[in-house]
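> Fold the following.
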Amino acid sequence: MLISFVIPVCDEAETVRELALGIRRHVQPHPCEIVFVDDGSRDGSLEVIKSLVREFPEVRYISFRRNFGKSAALDAGFDAAKGEIVFTMDADLQDDPAEIPAFLAKLEEGFDLVSGWKKERHDPLGKTLPSKVFNWTARFITGVKLHDMNCGFKAYRSEVVRELTLYGDLHRFVPALALWRGFSVGELPVQHHPRRFGTSKFGVERFLRGLFDLITVYFLTAYTARPMHLFGKVGLLTGALGVVGIVYLYALKFLTGSGIGSRPLLFISIFLMGTGIQIFLFGLITELIVSQKKRTTADYSIRERS
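Numbers count the residues shown, from 1 in each chain. Here you go, the predicted structure:
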């Protein structure tokens, strides 16, 4: 059974060699391939990876022309992976290759995807607290009951990665996307090591992007094949509120004889009716676009690969 490891790398020159050696040690007796995806590193990470390629036949690499983000790196790595089982790991050595056998055993229980759970995290409060808020929000919106949806340490059956298309920051929501496709998702507590080299890529901007992408995931999982079900409901509700306002005003005019031409409710009701019609038509147009168009353009550009 060939096992593929897809590892995004961004300025992790001090760690990639140790990670590769750890993977080779703990994946035995299974044959493996290690696909490093260099996401625009500027610290010499690519040179270290190329030295590993020359030293170990199972190591390959993909190099982006610039930094395109983790989702793009995973998407390119998934496209290149040949294994029946595909692992993703962060390159900073906070994920422990010694957990690999436990992931394989969990997959043997019948799961299609096993996500790591950093139960005891060795990160500063400025990173762990937003992560807790993010995971709680993601569980509430997506319905996927995982403690740590964004953990980079995951194991997949190959059919899962073949059906995933990642862009933006959708790598954070892979379990939700997989579950929506009908795959079974499990979770495994994993050891999390303190960062020894480099700096974290986490920031407030990244946290906000994750929240925005959470809305995208909700739309993709609930309405991607039927956008009219979302926009149609919103449009009908908005228009209905406008109609109720108009009916109320005309009933008031006929029953009491009072004028309605200068009432703010009249203008609000007309606005709601017009807005409702526009939202409904937007949903119809979106439905037509979804039925005709497929995503064909990758969100990254590869300079070279081995």
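> these two touch, right, residue 170 and residue 71?
Yes: here residue 170 reaches residue 71: they are 5.3 Å apart, a contact under Cβ atoms under 8 Å. Every residue, glycine included, has its C-beta placed from N, CA and C.
> Give me the buried stretch members for stretch 239-255, please.
By neighbour count with 16 or more other Cβ atoms under 10 Å, stretch 239-255 contains the buried residues 239, 242, 245, 246, 249.
> what ranges of the stretch 201-306 of the chain fall below the confidence cut-off?
Residue ranges of the stretch 201-306 of the chain with pLDDT under 70: 201-211, 220, 222-225, 290-301.
> quick one: the strands in it?
Ranges of strands in the stretch 201-306 of the chain, per DSSP state E, counting those that start in this stretch, are 302-305.
> how about the helices in it?
In the stretch 201-306 of the chain, the helices defined using DSSP state H, counting those that start in this stretch lie at 204-223, 228-256, 264-292.
> Include distance to residue 80 when you put the ones you listed into a markdown table, please.
Formatted as a markdown table, the helices of the stretch 201-306 of the chain follow (distance: least, Cβ to Cβ, whole Å):
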| stretch | distance to residue 80 |
| --- | --- |
| helix 204-223 | 24 |
| helix 228-256 | 35 |
| helix 264-292 | 29 |
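> out of the ones you listed, nearest to residue 155?
Residue 155 lies closest to helix 204-223 among the helices of the stretch 201-306 of the chain, at 20.9 Å (Cβ to Cβ).
> wait, residue 155 sits on residue 113?
Yes: the criterion here is Cβ under 8 Å, and residue 155 meets it with residue 113 at 7.2 Å.
> More neighbours: the two, which one.
For residue 155 versus residue 113, neighbours defined as other Cβ atoms under 10 Å are more numerous around residue 155 (27 against 24).
> What about the residue of the chain positioned farthest from its centre? Give its phi and psi, please.
Note on the chain: the largest C-alpha distance from the chain mean falls to residue 257, namely 58.6 Å (Cα atoms, centre = their mean). Note on residue 257: its backbone torsions stand at phi 80, psi 10 [degrees, to the nearest 10].
> need the contact list for it.
The contact partners of residue 257, taken as Cβ atoms under 8 Å, 6 or more residues apart in numbering, number zero.
> likewise the one 3 residues further on?
Residues near residue 260 by Cβ under 8 Å, 6+ apart: 249, 250, 252, 253, 266.
> if we go to 7 Å?
Residues counted as contacts of residue 260 (Cβ atoms under 7 Å, 6 or more residues apart in numbering) are 249, 252, 253, 266.
> What is the nearest of these to residue 176?
residue 266 (44.1 Å).
> Which parts of the stretch 51-200 of the chain are strands?
Under DSSP E, counting those that start in this stretch, the stretch 51-200 of the chain gives strands at 59-64, 85-88, 113-117, 154-157, 185-189.
> Describe which strands the fourth one pairs with in its sheet and in which direction.
The strands beside strand 154-157 in its sheet (DSSP bridges) come out as strand 85-88 (antiparallel), strand 113-117 (antiparallel).
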